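Asker: The sequence and its predicted three-dimensional model are supplied below.
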Amino acid sequence: MARTYGPIFKFKLGSKLHIVISTPELAKEVVRDQDETFSNRDQTVAALVVSNGGQDIAFSNNNPNWRKLRKIFAYEMLSNKNLEASRFYRIEEVRKTVKNVFEKIGTNVNIRQIVFATETRVLTRTIWESKGVKDENLGDEIDMVSSNIFNLLGQGNMSDFFPILAPFDLQRIARDMKKQRDKLDQLFTRIIEDRIESNLKKSKDEVSQEGKKDFLQVLLDYKDEKEATPLSMTQMKALLLDILLGGTETTASTIEWVMSNIMQNPNIMKRVQKELVEIVGTNNMVEESHLSKLQYLDATVKETLRLYPISPLLLPRSPSKTSVVGGYTIPKGCTISVNVWAIQRDPRNWDDPLEFNPERFLTNKCDYKGRNLLFFPFGSGRRLCPGLPLAEKMLMFIMASLLHSFDWSLPKGEKLDFAQEFHVAMKKRNPLIAIPSQRLPDVSLYM
Ligand code: HEM
């Protein structure tokens, strides 16, 4: 579309005006020069239902509630100190995945599914730590709800195009979304109530000593805050929902794309595994301390996110006042999408843009922080993905562990396919199924 209609184009769906921009220069005007004006979200009916009226981070407008939740999430869950404190869960859960895959050696493994389950376990343990999640099916349950929610978020909705029709909910999108949201809401209610009840049985000192270990207790402390505006139960649940939805599908689908690309390019696979042997050694499992040294793997993950950004249009924004971008008037309240997919594949920005070539990220030292508007798969500016510090660790840790511990091949007669499907996130249309074989000589490493 960007190639046909140019760097900035508009279209109307019903009464709703959409504008798509597709160059780094225009992206700069939106996410940097006028970031404040463009940091409201496009609040569709589905987004408002799932976020309980925009009380979360992802679908809230730029307001004090949004700033407060982002701050709590960034400083209390994902600061360097807190990420270090939750390192043990990541190690344990990634090891558990390696063990599970080891038990499936020689058989078909659905890559996205195992990563989704790993990420769910890491997130839930980081949030409501101590007791862990006893329910082994929780990953599958969240996977199903999350996939339904993404589908509903991505559907064109007459209620958005003609707001006058919204009360009739003609496509039943609001009704179906509420059902999905309520499933997660019930899970969160159970976990929060259990924690409040168990806190009541303890002295204040015991609670503050034990409770500080996990994010749920931090949230409960904010809820009981006396001076400032306390966090409401609805806000707490909306934040938990964002973390689970924002953290699982993104990581699982990205790893599925990385793995597909590596399997498509045996030379790249060899080079990644050679690097792993040099840095980790064949008598060791991958540790987080190895990750920063795995430069070629890092470049391979980046190259994947260049060609297959999980949110090709980021999450759409909406200007809080009428403004001008690229010389065009952008009316207040319209929907504006930044086409990171087109920018990251544009031959004006990248040599041989469609070639999968990790090498380019060895020389071009881009990071994910959205400062370079030729490469920003995690967004940029005020709305930059707040999960980035965890996402980066998990992408590298899981990829390194899967490739160091196993060799991978396709089932007999199967070919890799790269068909995509786009709702809010861009996913592989058909799952990657691969067969693992043992790579490390010492079987006890897998146990
Ligand atoms: C491969 C992993 C991931 C990718 C590629 C990714 C990408 C993105 C993108 C593109 C956005 C929208 C940015 C914008 O609108 O400018 C976003 C927002 C967000 N992400 Fe991520 N993300 C990932 C992992 C995570 C994780 C692990 C979490 C949480 C644990 C998370 C939580 C969020 C939240 C809460 C938002 C909304 C931020 C806001 O609207 O202010 N993400 N992410």
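Answerer: Here it is on my side, so go on. Treat the numbers as computed from the prediction; the structure is a model and nothing was measured.
Asker: At the contact with the ligand, which residues of this protein appear?
Answerer: 57-58, 70, 242-243, 246-247, 250-251, 254, 310-311, 314-315, 377-380, 383, 385-387, 390-391, 395 (Cβ under 6 Å from any ligand atom). For the C-beta atoms, the positions are set from N, CA and C on the backbone; glycine is no exception.
Asker: Off-centre distance for the longest helix seen in the chain?
Answerer: Identified as the longest helix of the chain according to DSSP state H is helix 233-264. Going by Cα atoms, centre = their mean, to the nearest Å, the spacing between the C-alpha centre of helix 233-264 and its chain's C-alpha centre is 4 Å.
Asker: Show me what whichever helix or strand comes after that helix is packed up against.
Answerer: Heading C-terminal from helix 233-264, the first helix or strand you meet, by DSSP states H and E, is helix 266-279. Judged by 3 or more Cβ pairs under 8 Å, 6 or more residues apart in numbering; DSSP states H and E, the packing partners of helix 266-279 are helix 233-264, helix 295-307, helix 388-405.
Asker: Let me know the angle separating the longest one from helix 388-405.
Answerer: Counting by axes from the mean of the first three to the mean of the last three Cα atoms, to 10 degrees, helix 233-264 points 40 degrees away from the direction of helix 388-405.
Asker: Quick one: name whatever helix or strand follows the helix or strand bottoming out on mean pLDDT in the chain.
Answerer: Of all helical and strand segments in the chain, the minimum by mean pLDDT, DSSP states H and E falls on helix 204-211, at a mean of 60. Counting by DSSP H and E, the next helix or strand C-terminal to helix 204-211 is helix 215-223.
Asker: what comes up buried for that next one?
Answerer: Neighbour counts using 16 or more other Cβ atoms under 10 Å place F215, L216, Q217, V218, L219, L220, D221, Y222 of helix 215-223 among the buried residues.
Asker: circling back to that earlier point, and the angle for the longest helix of the chain with helix 266-279?
Answerer: 110 degrees.
Asker: what angle separates helix 233-264 from helix 295-307?
Answerer: 110 degrees.
Asker: by how many degrees do helix 233-264 and helix 215-223 diverge?
Answerer: Per the same axes, to 10 degrees, the angle that helix 233-264 makes with helix 215-223 is 150 degrees.
Asker: Kindly provide the whole-number mean pLDDT of helix 233-264.
Answerer: Taken as a whole, helix 233-264 has a mean pLDDT of 95.
Asker: Sticking with I343, tell me its helix or strand.
Answerer: Using DSSP H and E, I343 sits within helix 340-344.
Asker: So which residues make contact with that helix?
Answerer: Residues outside helix 340-344 that contact it (Cβ atoms under 8 Å, 6 or more residues apart in numbering): 1-3, 22-24, 27, 306-307, 309, 311-314, 349-350, 353, 373-377, 379, 426.
Asker: at 7 Å what do you get?
Answerer: Residues from elsewhere that reach helix 340-344 (Cβ atoms under 7 Å, 6 or more residues apart in numbering): 2, 22-24, 27, 306, 309, 312, 314, 349, 374-377.
Asker: what do you get for stretch 221-232?
Answerer: Applying Cβ under 7 Å, 6+ apart, the contact partners of stretch 221-232 are I72, L219, M236.
Asker: does the last one really touch V218, like I thought?
Answerer: No - M236 is beyond contact range of V218, at 10.3 Å (criterion: Cβ atoms under 7 Å).
Asker: Identify the bridge partners of V324.
Answerer: T329 (DSSP bridges).
Asker: and F73, what is it in contact with?
Answerer: I57, L239, P386.
Asker: Can you tell me which of the residues you listed is closest to the ligand?
Answerer: I57 (4.3 Å; Cβ to the nearest ligand atom).
Asker: Just give me the neighbour total for the closest one.
Answerer: I57 is flanked by 27 other residues according to other Cβ atoms under 10 Å.
Asker: which SS state does it fall under?
Answerer: Using DSSP: H, G, I helix; E, B strand; the rest coil, the structure places I57 in coil.
Asker: which ones are touching it?
Answerer: Here I57 is in contact with W66, L69, R70, F73, L239, D242, P386 (criterion: Cβ under 7 Å, 6+ apart).
Asker: wait, doesn't the first one sit right on S60?
Answerer: Yes - proximity of W66 to S60 meets the contact threshold set by Cβ under 7 Å, at 3.9 Å.
Asker: In terms of packing, which of these two has more residues around it?
Answerer: Ranked by neighbour count (other Cβ under 10 Å), W66 and S60 place S60 first, with 25 against 22.
Asker: isn't that one right next to G54, touching?
Answerer: Yes - contact between S60 and G54 holds when scored by Cβ under 7 Å: they sit 4.6 Å apart.
Asker: Now G54: which helix or strand?
Answerer: With DSSP H and E as the criterion, G54 is inside neither a helix nor a strand.
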